[in-house]
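Quick one, fold the following:
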Amino acid sequence: MAALAILFTAVGCYIAWASILSNTPFHKFWSLIQLLFLFLIHALYDLPISAYNIPLYILAFAIFVLCVALSPAQVFIFRPEPPDQQRNKITVLSNGHPDHTTVVDIVAVHGLASNPATTWGSFKPPQSPGVPDSTVTGHDPPSNQKVPKRSWLCDLAEDIPNARIMTFNHNTAWQANALNKSLNDHADDLLRSLDLKREAPEEKARPIIFIGHSFGGLIIKQAMVNANLDLQHSNICKQALGFIFLGTPHKGAELAWGARFISLFGFWNGSSTTLLEALELGSPNNQTMHSQFVKFLVNGPYMPTYTLCVFEAVKESFCGMPFMQVVTSDSAVIDGSTKIGFERRHREIQRLSRDDEDYKVIVLSMKKWVQEVVERIRKQQDKIAQEKTQDQEECLRSLSFPLMNQRRHDIETKHDTWILKHETYKQWLGRRQGFLWIKGNPGAGKSTVLKDASGDVEAARHDEVVASFFFFRHGDPTQNSLISFFRSLLHQILDKDLPALEKLTERHRKKRATQYGAGKEVQWHEAELMVFLETIIPAARPIRIYVDALDEVGETDASRLLKYFRGLTVHDNLSICFSCRHNFVFGPEVGVVGPEVLTICVENENNEDLETYVRKELEDGIVGDNELIQELTMQITGKATGIFLWVTLVVPKITIAHAEGNSSKYLKQMVQELLEGLNEYYKDMVKCIKHRKESLRLMGWICFAKRPLSLADLRDFMAVDPDSSYTSFKQCQDSPHYLETDDQMKKKVKSLSEGLAEVKEQNKQLVAQFIHQSVQDYLVKSDGFQILENPNTTSNTTGETTSSRRHLDIAKTCLKFISMEDVVKRG
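Next up, the predicted model:
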């Protein structure tokens, strides 16, 4: 009895710990089962033995078995296979037919907890006799898994002879021996493995077709998102030609909850639900990744036209009864892609054979991509971009810098590309010479227009060299300087012009030999790059340059840039499109005057886009009331005066008010009371700020810091109050007001700025910045800081005076910090 009492006490302690302290779902579930078992045992102890109580005995026995199955005894009950260790993650099944030139790579990625040997094939015998089973995929399968007789990937080598066929093997086992890897980690593995297989120049220039089954499709998508943000792997996403997704849960899978339950029975064998979280319906990480991937598709040269999504048309069955699809058609299909429903279940959707019609459909799509796109475009590019030598690649690297493409990537496309249909824009495209000025008020959407325009031309006009630069005052210094502008411009131009690249490479060799030596990075100067660009323009192919936010680089540098390009436009192969605000002055002093400068005013052209955007957002937030949506749309677009940023700020407030249960009359009145213009809107937002002292300090740091501040920087700066009595930085960190995590700081940035500041990823770290340049202009040049100091003020204090106080506050904070005891001791 004493032993039994000890056992019950131990179980009770475990149940209490699991219920109160543990955050692990497994322990909570197991403790609940044990509690239920103890309850039944206690109940049965007081009941007489009779036939009426047999169901309770059976239930108690079943719960006992479940308790044992969830206990550490599962290590002996369920003996898992040892973890699959592959030395090579990528296996080449075919390098292409020897009689054909290999022009495309095909990479197949299998699904969750599977492997190439058991994924890519039917269980039918091979069509071609004499093909050994060991040639199925090049991977050895686990001993307990049935292996298909023939992989249809091997058939692709015959049907598409100019393709190299590869499989990527990832260990995503989750029921036991799970690796400590996330979806992002497996995506990075794919990128690194592909880089190793694509080292030669001709391999790097080869387009890639990706095939992903189920979870493998998510790995492919995450890899493209990562590569799009990382210059090291950018070649892979640039060469992505097409995607075939077989039952990929883009929006989650119906049975993900079942997999999480099954994982409980492998807890002591090392199961994990980390990867399963990406498969859940409504998974935030999956949704974010999907939206980034769709943005990548839309901005790509071929997609989403060259994206094929296959969904399962047959439900899974239980005891012969159909009950559910693992991945519904809605989840398996990306908007705008080509969709096909295979009359198969989820686990059979990728098991094809050469005589299947489904296989022939996939092959036909890939053949079309290869023949209509690769052969045509690659021939044109091969004439221009031949193999680059190692010195030429090194020269290009010396021009690049980490944030070269970051600003362009961050600009979101919120409206249709009306610019492509505009008569003035088409006139400028036809000239191949001269200036186009896209002007507009702050927040009108100039940057988005330029991104749309440059992306379309780059994709459609292969006979022209297209280069772009997006100045960004709030970003890193490299995003807002003339030297960065010319480095980026030349990097884009020379990458497509081999003769010109060789000229700069020769200069690079001389600089390295005479000034820097081996192993040191060559530095370029603004003047020499400007002169070099002048020398290559006359002999170059037609060049079209897009420059965004010219006014943000400063009046002096902007005028220099305009004078410089005015001198270059005498050549008939250089066209320049730049955007800036209305108040940017053009005159004889910069030489950009006359009818040859075409102009487009954004706010005069985007009313239709504004109306489309507002209606779509209201339809998502106000379901069913079309009359109200139409009336609110007309009211909002009428007040917008062409300012897209104003619309994106106020529409969410309307939808939130509707979600809170407010009436139609209230929403209409709310729209009527909206202040027109960005400055009036900003003023209204600033007046709503509650913690003004903290907000002033935060806004001051974001506004006047020489570089974008990371969240970690802001946490430290905000912790040091020059008026406090703290004498050490340790005391500041121990203060209850100190923010311990970046997540807390991110929320603080939003609350203290009333949404006028945001957190963005930059150079692999989170930084705080204003949502638009116009916010800083309002704070500094208007009465923003003055109202923030005192919302009821009627003083005519200038922006310069209030800005000086912010500089003084920053200076006092810095002096306070460097005089603290522990900082002084550190030296």
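
What segments of the stretch 601-750 of the chain are helices?
Secondary structure of the stretch 601-750 of the chain by DSSP state H, counting those that start in this stretch: the helices cover 607-621, 626-640, 644-659, 664-672, 678-687, 692-704, 711-719, 729-734, 742-753.

and V671, how many neighbours does it have?
For V671, the count of nearby residues is 21 (other C-beta atoms under 10 Å). Placement of C-beta: from N, CA and C, glycine included.

Looks like it contacts L632 (just checking).
Yes - using C-beta atoms under 8 Å, V671 is in contact with L632, at 5.9 Å.

and for these two, which residues touch both?
Common neighbours of V671 and L632, counting by C-beta atoms under 8 Å, 6 or more residues apart in numbering, are I654.

closest to N115 out of the helices of the stretch 601-750 of the chain?
helix 742-753 (37.2 Å; C-beta to C-beta).

Go through the closest one and flag the buried ones.
D742, M745, K746, K748, V749, L752, S753 (16 or more other C-beta atoms under 10 Å).

Would you mind measuring from the last one to E694?
To E694, S753 is 10 Å away according to C-beta to C-beta, to the nearest Å.

what does S329 give?
Look at S329 and E694: by C-beta to C-beta, they are 50 Å apart.

circling back: I'd like the buried residues of helix 742-753 laid out as CSV, including pLDDT.
Below are the buried residues of helix 742-753 laid out as CSV (pLDDT from 0 to 100):
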residue, pLDDT
D742, 88
M745, 89
K746, 88
K748, 87
V749, 87
L752, 87
S753, 84
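
Return the member of those nearest to Q433.
S753 (44.7 Å).

R544: neighbouring residues, count only.
When neighbours are defined as other C-beta under 10 Å, R544 has 23 of them.

Contacts only, for it.
Residues near R544 by C-beta under 8 Å, 6+ apart: R432, V457, R461, E464, V465, V466, A467, S575, I576, C577.

Could you rerun that using 10 Å?
428-429, 432, 436, 453-454, 457-458, 461, 464-468, 573-577 (C-beta atoms under 10 Å, 6 or more residues apart in numbering).

Mind pulling up the pLDDT for it?
On pLDDT, R544 comes in at 89.

That one bridge partners, please.
For R544, the beta-bridge partners are V466, S575 (DSSP bridges).

what do you get for the one 4 residues further on?
Residues in a beta bridge with D548, per DSSP bridges, are F470.

What lies in contact with stretch 660-668?
Contacts for stretch 660-668 (C-beta under 10 Å, 6+ apart): 618, 622, 625, 627-628, 631-632, 635, 654-658, 669-670.

Could I get the CA-only coordinates of it as CSV?
Only the C-alpha atoms of stretch 660-668 are listed here, as CSV (Å, rounded to 0.1, in the frame of the first residue of the first chain):
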residue,chain,number,x,y,z
GLU,A,660,-16.6,46.9,-33.9
GLY,A,661,-20.3,47.0,-34.7
ASN,A,662,-20.8,50.6,-35.6
SER,A,663,-23.8,51.6,-37.8
SER,A,664,-23.8,52.6,-41.4
LYS,A,665,-24.6,56.2,-40.4
TYR,A,666,-21.7,56.3,-38.0
LEU,A,667,-19.3,55.1,-40.8
LYS,A,668,-20.6,57.7,-43.2
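
Tell me the secondary structure at S468.
strand (DSSP: H, G, I helix; E, B strand; the rest coil).

quick one: contacts for the closest residue to it other than its chain neighbours?
Residue nearest to S468 in three dimensions, not counting chain neighbours: Y546, with 4.0 Å by C-beta to C-beta, 6 or more residues apart in numbering. By C-beta under 10 Å, 6+ apart, the contact set of Y546 is 408, 436, 438, 449-451, 453-455, 457-458, 466-470, 575-579.

Confirm Y546 sits in a strand?
Yes - judged by three-state DSSP, Y546 forms part of a strand.

re the thing from before, save the helices of the stretch 601-750 of the chain as JSON lines, and put in distance to M324 too.
JSON lines is the format used below for the helices of the stretch 601-750 of the chain (distance: least, C-beta to C-beta, whole Å):
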{"stretch": "helix 607-621", "distance to M324": "28"}
{"stretch": "helix 626-640", "distance to M324": "34"}
{"stretch": "helix 644-659", "distance to M324": "31"}
{"stretch": "helix 664-672", "distance to M324": "40"}
{"stretch": "helix 678-687", "distance to M324": "48"}
{"stretch": "helix 692-704", "distance to M324": "50"}
{"stretch": "helix 711-719", "distance to M324": "43"}
{"stretch": "helix 729-734", "distance to M324": "52"}
{"stretch": "helix 742-753", "distance to M324": "36"}
